[in-house]
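A.B. asks: model the structure of this input:
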Amino acid sequence: MAYPSPDQYNDALQAPHLAFDDPVLRAGKVVLNDKGLPQAYGGGFAVTYAVSHARRKYAVRCFHKEARDLQDRYARIGEALSGGGGGGHFVGFDYQPNGVRVMGKAYPLVKMDWVNGIPLGIWLERNHRRKSALTPLIARLRELERHLRTRGLAHGDLQNGNILVQDGGLKLIDYDGMFAPGLAVGDGNEVGHRHFQHPTRKGEHFGPEMDRFSFIVLDLSLRALVKEPGLFRRHANGENILFSAADYLDPAQSKVFSDLRAIRSLAKDVEKFAALCTGPLAEIPTLEDFVGVPPPPPPRPQPVVPKKSPNQMLLEDLQRTPGEALPPDLLLADGEPQGPIYQPPGTVVGAAPQWLVVAGVAAQLLWLGAKMGGQAAIDVAARQIETLAHDHLPDTPPTPAALAGKALSSLKQAAGRWFGSKRG
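C.D. replies: Residues are numbered from 1 along each chain as shown. Alright, predicted model coming up:
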């Protein structure tokens, strides 16, 4: 079966109400790039689009290359991940055999929940020098490996773009090459990203053990960064972490292998890994066997803190500032600050933009400052307000920090005149 090209999908998805079969996607909006075209994220078998509807967002994977038995494959994966089988490492998905129409013909798609996470490659760009961040990441990867192995699952393409880092753990995306119990061993569609795969990996190696080499690459690379963060700038190329496909072909002549051998605590593991690269794929051990010690327990996820309104966050910041607490008569029962909130002409009642909220709280802070020390205290309060505005107001419409600054300046002048006249 011939599939549409990414350009043909781009053309079709400019009219989602005509292209999609799913009612939610039909009513949704496809995220566009700076040229006004659907923003497409490429992949080996599919191109992915972001579609938003109401307050939800979906990743829609449209296939441009044939992958055998897609419907059965996703059905088996869904069964394996149901009932907590995914361990929180996967996202919900819906395979739709006739989900998208291009040039009058129906093709399959996979609708997935959008994941808020940072791709591993980008995360490492920001954190490769932070031992305090790398150490728990290693533990989470080992926990992920153990979970997949004990469930008889394998992702098939573990790499920078398919591992998302979140505060509470890791998420995997792109399940086109995934193995789940019930699928035929040795019948793979893809072989994964070459910088994370054994040189001899082929479709015939499709099965529950195909992630072993990738997990060793990930684990050894991250442990090396803990010891020597500068390796990242020396060897990362945007698609790998430290190792590249050429390194696996000839470890003896590889610069990255040479650099890692110089790390005394890793030298033995580096030699073991070099032997695995030139040996048969069938002899790759599990990560636990390679490391030789049980993996440490992953860190406990941090409790989810309920979202707070801008008023509540500002109030808490004010209460943490030195000086007198806000008087009880300025607070509502639910802890929200009240005060003079100016409503400009043309603003919908009850929908005051965030800068007005800041201005209202600013008036209370100025009141406290004047009560405590006159004009000098007002100046201190004004500086605190500027900090609050900077922390809580984005510099984008419709709540520009510049408008807040004007409001605060007027409040400062008014407070100074009013309290000055009272003392006079």
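
A.B. asks: which residues in this structure form strands?
C.D. replies: Remark: strands assigned in the chain by DSSP state E are 29-30, 40-41, 46-53, 56-63, 93-102, 105-113, 118-119, 163-166, 169-172.

A.B. asks: contacts for the first one?
C.D. replies: Put plainly, it is strand 29-30. Leu13, Gln14, Pro16, Pro38, Gln39, Tyr49, Ala50, Val51, Ser52, His53 (Cβ atoms under 8 Å, 6 or more residues apart in numbering). In short, each C-beta sits where N, CA and C put it, glycine included.

A.B. asks: what about burial for those residues, which qualify?
C.D. replies: With neighbours counted by 16 or more other Cβ atoms under 10 Å, those contain buried members at Leu13, Pro16, Pro38, Tyr49, Ala50, Val51, His53.

A.B. asks: what about the nearest residue to the second one once chain neighbours are set aside, distance to Val60?
C.D. replies: Same thing as Pro16. Using Cβ to Cβ, 6 or more residues apart in numbering and skipping residues adjacent in sequence, the residue nearest Pro16 is Val30, 5.4 Å away. Distance, Val30 to Val60, using Cβ to Cβ, to the nearest Å: 8 Å.

A.B. asks: sorry, back to before: from the contacts of strand 29-30, which is closest to Ala139?
C.D. replies: Nearest to Ala139 among these, counting by Cβ to Cβ, is Ala50 at 30.9 Å.

A.B. asks: what pLDDT does the closest one get?
C.D. replies: On pLDDT, Ala50 comes in at 95.

A.B. asks: tell me the bridge partners for it.
C.D. replies: Judged by DSSP bridges, the bridge partners of Ala50 are Ala59.

A.B. asks: one step back: so between Val30 and Val60, which is more surrounded?
C.D. replies: Val60 (28 against 21; other Cβ atoms under 10 Å).

A.B. asks: shared neighbours of Val30 and Val60, which are they?
C.D. replies: Tyr49, Ala50, Val51.

A.B. asks: pLDDT weak spots in the stretch 201-350 of the chain?
C.D. replies: 293-350 (pLDDT under 70).

A.B. asks: helices of that one, start to end?
C.D. replies: Ranges of helices within the stretch 201-350 of the chain are 212-227, 230-235, 245-249, 255-261, 267-278, 287-291, 310-320, based on DSSP state H, counting those that start in this stretch.

A.B. asks: winner for burial among these?
C.D. replies: helix 212-227 (a mean of 23; mean count of other Cβ atoms under 10 Å).

A.B. asks: could you give the angle of it to helix 267-278?
C.D. replies: 150 degrees (axes from the mean of the first three to the mean of the last three Cα atoms, to 10 degrees).

A.B. asks: need the contact partners of helix 212-227.
C.D. replies: Under Cβ under 8 Å, 6+ apart, the answer for helix 212-227 is 124, 128, 131, 134-135, 137-138, 141-142, 145, 158-159, 192, 196-198, 201, 231-232, 241-243, 260, 263, 265-266, 269-270, 273, 276, 281, 284-287, 290-291.

A.B. asks: from the residues you listed, keep the buried residues only.
C.D. replies: 124, 128, 134, 137-138, 141-142, 145, 158-159, 192, 196-198, 201, 231-232, 241-243, 260, 263, 266, 269-270, 273, 276, 281, 284, 287, 290-291.

A.B. asks: circling back to that earlier point, which one of the contacts of strand 29-30 sits closest to Ala252?
C.D. replies: For the contacts of strand 29-30, the nearest to Ala252 is Gln39 (43.8 Å; Cβ to Cβ).
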